[in-house]
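# Let me see the structure of the following:
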Amino acid sequence: MGNGETRVRGIAARAGGWSARHRWAAVGIWVLFVVLAMGLGSAAGSVEVRESDQLGGETHTAAKIIEDAGIDEPASETVLIQAKDAGVKATDAAFRAAVTDVMKAVDATGRVTDVQSPYDTDTLSKDGRSALVQFDMRGDAETAGDRVEPVLKAVADVQKDHPELRIEEIGGASMMKTFDDAFGDDFKKAEYSAVPVALGILLIAFGAVVAALLPVALAVTAIMATMGLMGIVSHIQPMDDTASSVMLLVGLAVGVDYCLFYLRREREERAAGRSPEVALQVAAATSGRAIIVSGVTVCVAMAGMLFTGLATFEAMGLASLMVVAVAMVGSVTVLPALLSLLGERVEKGRIPFLHPDKRRRNGKAGNGESRFWTAVLKVVLARPAISLVVAAGALLAIAAPALGMKTQNLTLDQEFGDSLPIVGTYNRVNDAFPGGSEPAEVIVKARDINAADVQSALADFRERAISSGASRGPVDIKLHDAENIAFVYVPLVGGSDLDKAGESLDKLRDEVRPATLGKVEGVEAPITGQVAGSKDFNDQLAGAVAPVFAFVVVFAFLLMLLSFRSLTIAITSIVLNLLSVGAAYGILVAVFQHGWGASLVGAEGVGAIITWLPLFLFVILFGLSMDYHVFVVSRIREARLRGRTTKDAIQHGVVTTAGVVTSAAVIMVAVFGIFGTLSMQSMKQMGVGLAAAVLIDATIIRGVLLPAVMALLGERNWYFPKWLNRLPDLTHDESPEAAEPRVEGGERISV
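Residues are numbered from 1 along each chain as shown. Sure thing, here's the model as predicted:
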């Protein structure tokens, strides 16, 4: 190796070398892949997740019965008519006139059916001041929001004629329209603004337009290809809009990160005096390998969602896994080809005062080390034990609130606060008719729904639902004679208080149903609805937590073990990542459950974390945090193989990667932070949780805890028991001469 020649094995080095030699072919194959994926996906169409597949338990059973029977449940609407003056009653002539006007007005629109008078259905409040006019929207329930505007206008006109009363509409269609109008554009703007934000940060990081555009171009093309693949795969695993949004977030994050890692290393090698060809070879063998290790680890983490048994989670996991895999492949194939084609032109479009070439013009090599992190590392490595205790103690204190985490599906007022008028309507309906806005639904299936014993059981169920204290009524029954199915609507005591409503649901399921419908042979009676759906979702998710956690942690451990051939590094990687996730949980609970500092992020303490978020955050964060960890530890190992002491290798690895890790973290924090600005509390929770975790991971974990732990362990960092030597070796070889050559007189190396 005296001439500086060496061979570095590894798929990343081979892929990068091939792409650099066949650059036009590599670019052409990538473009063809993206175009074919989009074209085939568009031709195949997309299969959406069915309602019956979204949940397990009784909710799933009920949805399956309705689906198999071919019954299309319409979107139900309700008009609340309420006296503003305590002296006015629903039995007064003026009140009755208003009810009649509402019924005539909504029926005249031609958009509704089955308009029911509160005097016929007994939907009058106990205090006699409120009444509900109920009806269904014509047509498909999923698109009812597009047709409800004339009905809302008709109700508003009646309100003008009766100013002494409060007349307002709420229901599935009206809520759908309100949310689409208020937050649909908001959410799309957040998605669309993520790319410009990422580009702006990259312009600052690279100081050159072409260099900044490359990561964004890679991320966007990876997302486009994955969108097409999602259409194809949806015929096996149905997809939904949530999966698309998560895919976009993850794809932008990892696509930009992977390209950033690669490009910064290539630029660093050129700044050290190497030719563009050699710089690209070194980047392929080092950063390229780190990208593959990180990408595979992220894919494994995302695959953990497939163990939940929840269709929405499975769709999110598969979509995220695909976009990470596509971005990873693009980073080690088409990116080297583009860099080889561009050469020095990658620095085109230099931005004054931002481009990092001043040191080279002054005759200095510029080693890419961060002055700030050099100063921090000096303190950490001088007192590693103290640094470990302080940093770990701080993170454990931040994580402590997570011990009291409460999860539930957020109610309308929790999700939106008082930002929408319809939230006030929702609360007024629940106050006057507890549980009436979102009743439990009992889907009764029998061989003959009109048989005497079935009808008697239905009547008994209606009576016992009220006498048991689970409901204050009225309990409404709708028969579908042809399908032998009955829908029983039971307003639950507790209303929007999901804890109390959950107790009422348990009474229905465990006491009322067995004593009535359960005694009739051949009758199925699963109970569904918003409260039941939340409970079934929680139950199924709770059962999925252990296998998902175990799968992600075990496979991440094995990948780190094989990639670094160090038992110590594999263990510390898992522990540090778990600490990062725990701190994110603590921040979520403190801000959104207890309301500590919630106003600082424009949020509210709603008393709970939305059910799906903890497991979602664990999988996403465990995967994404490996980006930084693999990148930093790879650089430390690389320096150690050059012959540096462990302490010097830690110093070098952390400070030389600080710039790229900081840039990547800033992009992720900014992109996730955009979603933290949305009005929906669930989106705020997701955005703040992700942004906080990434910030903690890139600073306290990678800048303090990792070096402190490695400094304390010393040579034990590289401990690998002999009995594990039979395991596959996924490391790459790198000799001191190859890793850090002296380039004099134009001497070249090959890696």
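# Kindly check the end-to-end length of stretch 267-280 for me.
Terminal residues of stretch 267-280 lie 9 Å apart, using CA to CA, to the nearest Å.
# pLDDT of that stretch, averaged?
On average, the pLDDT along stretch 267-280 is 81.
# how about that stretch: buried residues?
267-276, 278-280 (16 or more other CB atoms under 10 Å). Heads up, the C-betas are built off the backbone N, CA and C, glycines and all.
# One more: stretch 647-658?
Neighbour counts over stretch 647-658 (16+ other CB under 10 Å) mark 649-658 as buried.
# Now, the residues you listed that are in helices?
649-658 (DSSP state H).
# residue ranges of the strands in the stretch 501-650 of the chain, please?
Applying DSSP state E, counting those that start in this stretch to the stretch 501-650 of the chain gives strands spanning 527-528, 609-610.
# closest one to Leu40 among those strands?
Nearest to Leu40 among the strands of the stretch 501-650 of the chain is strand 609-610; the distance by CB to CB comes to 35.1 Å.
# Correct me if wrong: Gly304 contacts Val619.
Yes: assessed by CB atoms under 8 Å, Gly304 is found in contact with Val619 at 5.1 Å.
# Which neighbours do these two have in common?
Contact criterion CB atoms under 8 Å, 6 or more residues apart in numbering; residues shared by Gly304 and Val619: 317, 548, 552.
# possible to save the buried residues of stretch 647-658 as JSON lines with pLDDT?
What follows is the buried residues of stretch 647-658, written out as JSON lines (pLDDT from 0 to 100):
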{"residue": "Ala649", "pLDDT": "90"}
{"residue": "Ile650", "pLDDT": "90"}
{"residue": "Gln651", "pLDDT": "88"}
{"residue": "His652", "pLDDT": "87"}
{"residue": "Gly653", "pLDDT": "87"}
{"residue": "Val654", "pLDDT": "88"}
{"residue": "Val655", "pLDDT": "87"}
{"residue": "Thr656", "pLDDT": "85"}
{"residue": "Thr657", "pLDDT": "84"}
{"residue": "Ala658", "pLDDT": "81"}
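# which one of those sits closest to Val454?
Taking CB to CB as the measure, Val454 lies nearest Thr657 of those, at 69.8 Å.
# surely the closest one meets Val632?
Yes: Thr657 is within contact range of Val632, at 5.0 Å (criterion: CB under 8 Å).
# Just name the closest of the ones in helices among the buried residues of stretch 647-658 to Arg509, please.
Of all these, Thr657 has the smallest distance to Arg509: 54.8 Å, by CB to CB.
# now that closest one: how far from Leu705?
Per CB to CB, to the nearest Å, Thr657 is found 15 Å from Leu705.
# And for Asn484?
For Asn484, the distance to Leu705 - CB to CB - is 63 Å.
# out of those two, which sits in the more crowded spot?
Leu705 (27 against 17; other CB atoms under 10 Å).
# from what I can see the more buried one touches Val389, true?
No: at 10.4 Å, Leu705 does not count as touching Val389 under the criterion of CB under 8 Å.
# returning to what we had before: and the buried residues of stretch 267-280 as TSV, adding distance to Lys84 and secondary structure?
Shown next, in TSV, are the buried residues of stretch 267-280 (distance: CB to CB, whole Å; DSSP: H, G, I helix; E, B strand; the rest coil):
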residue	distance to Lys84	secondary structure
Arg267	69	helix
Glu268	71	helix
Glu269	75	helix
Arg270	75	helix
Ala271	74	helix
Ala272	77	coil
Gly273	81	coil
Arg274	79	coil
Ser275	82	coil
Pro276	77	helix
Val278	81	helix
Ala279	76	helix
Leu280	75	helix
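# any chance you could map the strands in the protein?
76-83, 112-116, 130-137, 165-171, 407-408, 440-445, 476-480, 485-490, 527-528, 609-610 (DSSP state E).
# Can you add mean neighbour count and give those strands back as a markdown table?
Shown next, in a markdown table, are those (neighbours: other CB atoms under 10 Å):
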| stretch | mean neighbour count |
| --- | --- |
| strand 76-83 | 24 |
| strand 112-116 | 16 |
| strand 130-137 | 24 |
| strand 165-171 | 23 |
| strand 407-408 | 19 |
| strand 440-445 | 25 |
| strand 476-480 | 16 |
| strand 485-490 | 22 |
| strand 527-528 | 24 |
| strand 609-610 | 24 |
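# what about the ones you listed, which gets the closest to Val220?
The closest of these to Val220 is strand 609-610. By CB to CB, the value is 29.3 Å.
# Over to His162: give its phi and psi.
The phi/psi pair for His162 (degrees, to the nearest 10) reads phi -130, psi 70.
# Begin at 25 from now on, thanks
OK, 25 is where the count begins now, so the last one is His186.
# Identify the residue nearest the residue nearest to the spatial centre of the chain in space, chain neighbours excluded?
Nearest to the mean C-alpha position of the chain, by CA atoms, centre = their mean, lies Val270 at 5.1 Å. Once flanking residues are discounted, Val270 sits nearest to Met340: 4.7 Å by CB to CB, 6 or more residues apart in numbering.
# Tell me where the model's unsure across this structure.
Low-confidence segments of the chain (pLDDT under 70): 25-34, 75-78, 206-213, 215, 377-394, 459-461, 520, 754-775.
# neighbours around Leu645, how many?
Neighbours around Leu645, by other CB under 10 Å: 25.
# That one against Ala716, yeah?
No: counting by CB under 8 Å, Ala716 is not a contact partner of Leu645; they are 9.9 Å apart.
# Find residues that contact each of these two.
Common neighbours of Leu645 and Ala716, counting by CB under 8 Å, 6+ apart, are Ala608.
# So in the chain, which helix runs the longest?
Longest helix in the chain by number of residues, with DSSP H as the criterion: helix 554-588.
# Any idea how many residues pack against the closest residue to Val244 other than its chain neighbours?
Of all residues not flanking Val244 in the chain, Val219 sits nearest, at 6.8 Å (CB to CB, 6+ apart). By the criterion of other CB under 10 Å, Val219 has 17 neighbours.
# Val219 contacts Leu273, correct?
No: counting by CB under 8 Å, Val219 does not reach Leu273; the two are 11.5 Å apart.
# what touches both of the two?
Both Val219 and Leu273 lack any common contact, where contact means CB under 8 Å, 6+ apart.
# Leaving aside the residues adjacent along the chain, what's closest to Cys608?
Residue 608: Ala, not Cys. Ala717 (3.5 Å).
# I meant Ala121, not that one.
His186 (7.9 Å).
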